[in-house]
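> Provided below for reference: sequence and predicted model.
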Amino acid sequence: MDRDLALLKAAATVQAQETVSMCRVHCGAPGFAAVERLNAYRGLAHAYQNAGGDNELILYDTARAMADLDRYAPPEPGAGPPDEGDLRSPRVWLFLARDVERRMRDRLAGRVADARAAGRDPFTAWNGNLVLAARTAVACADRTMLEILVTSLEEGPELLGPVLRLHALNWLDRRAGDLLNEGVVPAGVLDEVWALRAEVCDALAPRAADLAAGLDLPAPITAPAAGILPGDGG
Ligand SMILES: Cc1cc2nc3c(=O)[nH]c(=O)nc-3n(C[C@H](O)[C@H](O)[C@H](O)COP(=O)(O)OP(=O)(O)OC[C@H]3O[C@@H](n4cnc5c(N)ncnc54)[C@H](O)[C@@H]3O)c2cc1C
């Protein structure tokens, strides 16, 4: 199977599972009732962590190819960060994603090479680095996703702009541990991310109805909570 496709399957199914689980929580009690399609989507997204090739093994295979430079070229972040590191800038997102991927790959390759030079067999050399390996592959998937996101921001419908920006800021929030661990962002970065996310959400809120309309959802899509409580008679 195409390696990039497998990696994107792993990334997409993790994102789908997180998203549908969040939708369920924010639906309150109706989200837990076996109505609508939320639970079916959640079950499907969960199953696809294994189905179509186990996500964790896909990450390990990808990381191995990255470390060996097997049909893989580390991204070139360039000098930076550009735009004075302003986290509103798509160029900064790309710089950070490329920089962190490159640093993690270099560290992974170095650590496996050191273990081999110290006489460890290939299994042991890799087995001691699986956490870094999986995260390195995730960094590659993230960078690929952000490159697509930035193109969509430039060329896609204007209405989607705040959604894409929110996604990029959520990426910074979610991966802050790796970004800080690699020294790509300074301490305190999350305060800035949270403030910017609040700005984007303020811009997004008045457009929620237009975005929902764009999803072409069947009506009605909600049920009153009272209607699903046992013994309620509703
Ligand atoms: C809903 C569903 C539908 C499916 N449909 C199809 C289908 O239509 N056709 C088909 O051919 N297959 C299908 N499969 C099978 C699917 O491809 C396999 O489940 C998948 O490849 C994982 O293999 P496995 O089940 O043997 O689990 P394993 O490979 O045994 O993995 C189980 C766990 O062990 C971990 N693990 C395994 N090896 C290692 C390792 N070396 N290091 C660290 N951790 C490891 C994995 O990360 C995972 O958490 C389906 C699976 C599911 C769940």
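Received it, and whenever you're ready, just let me know what you need.
> might you enumerate the residues of this protein proximal to the ligand?
Within the chain, the positions near the ligand by CB under 6 Å from any ligand atom are 47, 50-51, 53-54, 56-57. (C-beta placed from N, C-alpha, C; glycine too.)
> in contact with residue 182, which residues?
99-100, 103-104, 107 (CB atoms under 8 Å, 6 or more residues apart in numbering).
> so which of these are in helices?
Assigned to helices by DSSP state H, the following of those qualify: 99-100, 103-104, 107.
> sorry, back to before: let's have the residues of the chain next to the ligand in TSV, adding secondary structure and pLDDT.
As requested, the residues of the chain next to the ligand are exported to TSV (DSSP: H, G, I helix; E, B strand; the rest coil; pLDDT from 0 to 100):
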residue	secondary structure	pLDDT
47	helix	97
50	coil	96
51	coil	95
53	coil	95
54	coil	97
56	helix	97
57	helix	97
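> how about the residues you listed in TSV, adding distance to residue 173?
Formatted as TSV, these follow (distance: CB to CB, whole Å):
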residue	distance to residue 173
47	27
50	27
51	28
53	28
54	27
56	23
57	27
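> with these in mind, which one is nearest to residue 198?
When the residues of the chain next to the ligand are compared for distance to residue 198 (CB to CB), residue 56 comes out closest, at 34.3 Å.
> touching, residue 197 and residue 167? I think so.
No: counting by CB atoms under 8 Å, residue 197 stays clear of residue 167, with 10.5 Å between them.
> just give the number of residues close to residue 8.
Residues within reach of residue 8, counting by other CB atoms under 10 Å, total 16.
> and it, what element?
Here residue 8, judged by DSSP states H and E, is contained in helix 3-26.
> now residue 126. Nearest residue, chain neighbours left out?
Distances taken as CB to CB, 6 or more residues apart in numbering place residue 112 nearest to residue 126, at 6.3 Å, with adjacent residues excluded.
> the one you found and residue 4: what is the separation?
Separation of residue 112 from residue 4 (CB to CB, to the nearest Å): 22 Å.
> hey, where'd the helices end up in the chain?
Under the criterion DSSP H, the chain contains helices at 3-26, 29-32, 38-47, 55-68, 90-117, 122-127, 130-155, 161-174, 176-181, 189-204, 208-214.
> residues contacting residue 58?
6-7, 9-10, 137.
> number of nearby residues for the residue lying closest to residue 116 once chain neighbours are set aside?
With CB to CB, 6+ apart as the criterion, residue 116 has its nearest non-adjacent residue at 5.1 Å, and that residue is residue 125. If you count neighbours by other CB under 10 Å, residue 125 ends up with 18.
> picking that back up, just name the closest of the ones in helices among the contacts of residue 182 to the ligand, please.
residue 104 (18.8 Å; CB to the nearest ligand atom).
> so how far is residue 175 from that closest one?
As judged by CB to CB, residue 104 and residue 175 stand 11 Å apart.
> so what sits against both of these two?
Residues touching both residue 104 and residue 175 (CB under 8 Å, 6+ apart): residue 139.
> and these two? Which one has more around it.
Using other CB under 10 Å as the criterion, residue 104 and residue 175 rank with residue 104 on top: 25 against 21.
> list the contacts for that one?
Counting by CB under 8 Å, 6+ apart, residue 104 touches 132, 135-136, 139, 178, 182.
> for the one helix or strand in the chain whose mean pLDDT sits lowest, packing partners?
Across the helices and strands of the chain, mean confidence by mean pLDDT, DSSP states H and E is lowest for helix 29-32: a mean of 84. With contacts defined as 3 or more CB pairs under 8 Å, 6 or more residues apart in numbering; DSSP states H and E, helix 29-32 has these neighbours: helix 3-26.
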